[in-house]
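*Asks:* Predicted model follows, preceded by the sequence.
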Amino acid sequence: MPYSIYSLQRTNRPFSLCATAAAIALITTAACSGSGDKTAKAAPENAAAQTVQLSDSQLGSIKVGSVTDRDFVIQKEAIGSIDFNEDMNVQVFTPYQGRIIQTYANLGDEVKKDQVLFTIESADFIAAESNLIGAAATLDQSTSALERAKKLYAVQGIDQNDYETAVANQQTAEGALKASRNAVAIFGKTEAEIDRIVASRQVEAALVVKSPITGRITARNAAPGLLEQPGTPPAPYSVADLSTMWMLANVLEADSPDFKVGQDVTVSVTAYPGRVFSGKVTRIGATVDPNSRRVTIRSEIKDPKHELVPGMFANFMIRTGQSVRAPAVPLNGVVREGDGTMSVWVVSDDPHKFVHRTVKIGLQRDGYDQILEGLKAGESVAIDGAIFLSNIAFGGVT
């Protein structure tokens with residue numbers, strides 16, 4: 001196998017000029033020889049290049065380890081951004097027409113379920129309360145009239161027609177009060193609150209609008225004095241559940257068939273080095289962007305501590321297949337030679353002696369290269385210092 005003047009490792013480490021000059025001189029000498037001599041010399045030189053014998057001092061620069069089987073996840077990398085989970089982003093409208101009296105939450109605040117967001121003054125609510133108070137008073141009057149009618153009828157102080165009229169008036173008042181209570185209950189008042197209005201005979205002007213979920217205020221359009229209509233945008237408040245967030249990534253059109261709903265996703269962001277957030281793919285874009293030729297992949301990411309913020313730049317690893325188990329060597333143990341081949345240095349029976357071997361690599365995960373051909377688990381190789389061995393063998397370093 002022909003080799004270039006020197007070997008290149010993926011770290012692109014610089015080589016000494018002396019080593020390069022020595023190698024050029026060696027190649028020049030071989031080229032100037034006759035064809036017969038060239039064939040005779042190439043074999044022993046090449047054979048010698050396959051093995052390196054180190055001294056005790058040189059051996060201290062080499063770290064040796066065993067080839068181990070590791071699981072390599074089949075996954076694709078994508079770049080995207082964090083956003084709110086729009087499926088859990090609730091717009092909080094007022095259920096009643098009226099003017100906002102006071103607000104109690106600001107943009108970015110975290111709120112609890114049923115926490116008051118704002119109060120509103122509604123003419124319809126005031127009218128319903130007034131009818132309730134009037135109905136309660138009418139019932140009290142008709143009830144008193146019925147009690148007197150009963151006593152008079154018992155002593156024949158009134159005729160039967162007058163008594164039945166008193167009974168009918170009392171029943172009508174009861175029905176009116178029940179209808180009035182229901183009208184007030186529509187505005188979110190409990191039975192206890194309605195009883196308090198009836199007992200106090202006082203109209204409450206403020207209606208309370210509460211948060212329907214626990215989350216963070218993501219939008220606020222509420223201000224005292226603004227007239228609000230039920231369901232008319234923009235909503236006074238928007239509240240998002242932060243237990244999950246969205247990951248939005250644009251992947252190449254050619255890679256889009258590899259992605260499926262339900263695939264596992266791991267996310268890393270620069271704000272939390274070393275941290276990994278997990279989730280799953282929830283939606284594959286139905287169209288391809290005509291300009292970028294990319295497809296949007298949406299994933300739902302778990303964020304129980306509410307650490308992720310919309311707009312964060314993030315890297316995503318989406319698992320697209322089952323893991324494969326294969327021999328693995330640390331990245332520093334694999335050398336890219338000048339002719340593009342990948343190689344390792346295997347320890348022979350003599351611990352000072354290393355044998356050069358060409359390998360075929362596959363996936364690269366967590367600081368390891370997957371070895372497809374050329375090595376098997378259990379063999380001992382140089383896992384650090386392999387470039388030093390290649391320099392000695394092919395670059396003339398001593």
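*Replies:* Nice, thanks for sending it over.
*Asks:* Now do residue 154: how many residues are near it, please.
*Replies:* 10 (other C-beta atoms under 10 Å). For the C-beta atoms, the positions are set from N, CA and C on the backbone; glycine is no exception.
*Asks:* For it, give me the backbone phi and psi.
*Replies:* Dihedral pair for residue 154: phi -70, psi -30, per degrees, to the nearest 10.
*Asks:* Over to residue 269?
*Replies:* Taking degrees, to the nearest 10 as the convention, residue 269 sits at phi -130, psi 150.
*Asks:* From residue 164, how far out is it?
*Replies:* In this view, residue 269 and residue 164 are 79 Å apart by C-beta to C-beta, to the nearest Å.
*Asks:* Would you mind telling me which of the two has the busier surroundings?
*Replies:* residue 269 (18 against 12).
*Asks:* State the number of residues packed around the residue nearest to that one when sequence neighbours are not counted.
*Replies:* Leaving aside its sequence neighbours, residue 269 sits nearest to residue 314 (C-beta to C-beta, 6 or more residues apart in numbering; 4.6 Å). The local packing of residue 314 (other C-beta under 10 Å) involves 21 other residues.
*Asks:* got the contact list for residue 314?
*Replies:* 79, 80, 81, 82, 247, 267, 268, 269 (C-beta atoms under 8 Å, 6 or more residues apart in numbering).
*Asks:* and if you look at residue 359?
*Replies:* 329, 334, 342, 343, 344, 371, 372, 373, 374, 375.
*Asks:* For it, pull up the helix or strand it's in.
*Replies:* Using DSSP states H and E, residue 359 falls within strand 353-365.
*Asks:* what's the distance between that strand and the middle of its chain?
*Replies:* 36 Å (C-alpha atoms, centre = their mean, to the nearest Å).
*Asks:* I'd like the next helix or strand past that strand.
*Replies:* Following strand 353-365 in sequence, per DSSP H and E, is strand 368-373.
*Asks:* Can you give me the buried ones in that following strand?
*Replies:* 368, 369, 370, 371 (16 or more other C-beta atoms under 10 Å).
*Asks:* Please, where are all the helices along the stretch 101-250 of the chain?
*Replies:* 123-154, 160-185, 191-200 (DSSP state H, counting those that start in this stretch).
*Asks:* And for the stretch 251-398 of the chain?
*Replies:* 386-395.
*Asks:* show me where pLDDT drops low in it?
*Replies:* 396-398 (pLDDT under 70).
*Asks:* can you map out the strands along it?
*Replies:* Ranges of strands in the stretch 251-398 of the chain, per DSSP state E, counting those that start in this stretch, are 264-269, 277-284, 294-302, 313-319, 324-330, 335-336, 342-347, 353-365, 368-373, 380-384.
*Asks:* what does stretch 50-69 contact?
*Replies:* 325-330, 333, 345, 347-348, 350-356, 371, 375-385, 388-389, 392-393.
*Asks:* Give me the distance from that stretch to the chain's centre.
*Replies:* Distance, centroid of stretch 50-69 to centroid of chain: 44 Å (C-alpha atoms, centre = their mean).
*Asks:* Just the CA trace of it, in PDB.
*Replies:* Taking C-alpha atoms only, stretch 50-69 is exported to PDB below (Å, rounded to 0.1, in the frame of the first residue of the first chain):
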ATOM      1  CA  GLN A  50       4.200  -2.000   9.200                       C
ATOM      2  CA  THR A  51       5.900  -2.400  12.600                       C
ATOM      3  CA  VAL A  52       7.400   0.100  15.100                       C
ATOM      4  CA  GLN A  53       9.700  -1.000  18.000                       C
ATOM      5  CA  LEU A  54       9.700   1.600  20.800                       C
ATOM      6  CA  SER A  55      12.200   2.200  23.500                       C
ATOM      7  CA  ASP A  56      11.200   2.400  27.100                       C
ATOM      8  CA  SER A  57      11.200   6.200  27.000                       C
ATOM      9  CA  GLN A  58       9.100   6.300  23.800                       C
ATOM     10  CA  LEU A  59       6.700   3.800  25.300                       C
ATOM     11  CA  GLY A  60       5.800   6.300  28.000                       C
ATOM     12  CA  SER A  61       4.200   8.500  25.300                       C
ATOM     13  CA  ILE A  62       1.800   5.800  24.300                       C
ATOM     14  CA  LYS A  63      -1.400   4.800  26.100                       C
ATOM     15  CA  VAL A  64      -2.600   1.300  25.400                       C
ATOM     16  CA  GLY A  65      -6.200   0.000  25.800                       C
ATOM     17  CA  SER A  66      -8.400  -2.900  24.700                       C
ATOM     18  CA  VAL A  67     -10.900  -2.800  21.900                       C
ATOM     19  CA  THR A  68     -14.400  -3.000  23.500                       C
ATOM     20  CA  ASP A  69     -17.900  -3.500  22.100                       C
END
